[in-house]
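# Have a look at this fold, sequence not included:
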């Protein structure tokens, strides 16, 4: 079970997209050496937008990662490739699905939904996300799945898939339909959707 996460987003400098992708892939061996990092994904959101999302069993493991070699490489050597200093969001994980066996480069696609709760409905949104874990567990093509709350009050869902059809199944599946049913009463607006390519991954329950 994981309880904490990090979402790091960055923008590649013009004409440096390919170098940025190679650089993010090169961080993977360091992430694999971190016993407290349950899952680590290098992401391409589209065009010049890149990122890393990772998950940890507790706050101590997250801090160890932030002070470890993978994060140091990302921030120390990424400057020439990225237009600005990467932004970091701390995530509180509300529910998760992680394989019981370690996987290497299994997922190729990801989906992220982010949204705000309607004022006063935060507890109901959090309970909805916790309840959605059972639905995610039953989705054969969903490799990993995380529901989270950000430090600035947003909520989100991040899932990974072996290929695009699995992502489509999730996007049109039970969780998405239930979210749509409750959108008017629980959410403060339409969720933002990111269709993401996974460049590299580490997953170990």
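Right, received. Where do you want to start? None of these values were measured; they are calculated from a predicted model.
# Where do the strands of the chain begin and end?
With DSSP state E applied, the chain shows strands at 4-11, 39-46, 49-56, 87-97, 103-104, 109-116, 142-150, 154-161, 192-203, listed in chain order.
# In JSON lines: these, plus distance to residue 72.
C-beta: built from backbone N, CA, C; applies to glycine. Conversion of the strands of the chain to JSON lines gives the following (distance: least, CB to CB, whole Å):
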{"stretch": "strand 4-11", "distance to residue 72": "13"}
{"stretch": "strand 39-46", "distance to residue 72": "14"}
{"stretch": "strand 49-56", "distance to residue 72": "13"}
{"stretch": "strand 87-97", "distance to residue 72": "14"}
{"stretch": "strand 103-104", "distance to residue 72": "23"}
{"stretch": "strand 109-116", "distance to residue 72": "25"}
{"stretch": "strand 142-150", "distance to residue 72": "24"}
{"stretch": "strand 154-161", "distance to residue 72": "24"}
{"stretch": "strand 192-203", "distance to residue 72": "17"}
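# lowest-confidence stretch among those strands?
Mean pLDDT per stretch puts strand 103-104 lowest among the strands of the chain, at a mean of 54.
# can you tell me the average pLDDT over the longest helix anywhere in the chain?
Among all segments of the chain classified by DSSP state H, the helix with the greatest residue count is helix 122-137. Across helix 122-137, the average pLDDT comes to 96.
# so what pLDDT did residue 105 get?
The confidence metric pLDDT takes the value 48 at residue 105.
# Also residue 174?
Reading off the per-residue confidence, residue 174 sits at a pLDDT of 89.
# so what's residue 185 up against?
When the contact criterion is CB atoms under 8 Å, 6 or more residues apart in numbering, the partners of residue 185 are 118, 121.
# got it, and residue 92?
Per CB under 8 Å, 6+ apart, neighbours of residue 92: 3, 4, 5, 148, 149, 150.
# Help me confirm that residue 65 comes into contact with residue 35.
No: under the criterion of CB atoms under 8 Å, residue 65 is not in contact with residue 35, lying 10.4 Å apart.
# how long is stretch 77-94 end to end?
From its first residue to its last, stretch 77-94 covers 33 Å (CA to CA, to the nearest Å).
# With stretch 55-75 instead?
Distances were taken as CA to CA; on that basis the terminal residues of stretch 55-75 are 18 Å apart.
# now stretch 151-166
29 Å.
# out of the strands of the chain, which comes closest to residue 176?
When these are ranked by distance to residue 176, counting by CB to CB, first place goes to strand 109-116 at 8.2 Å.
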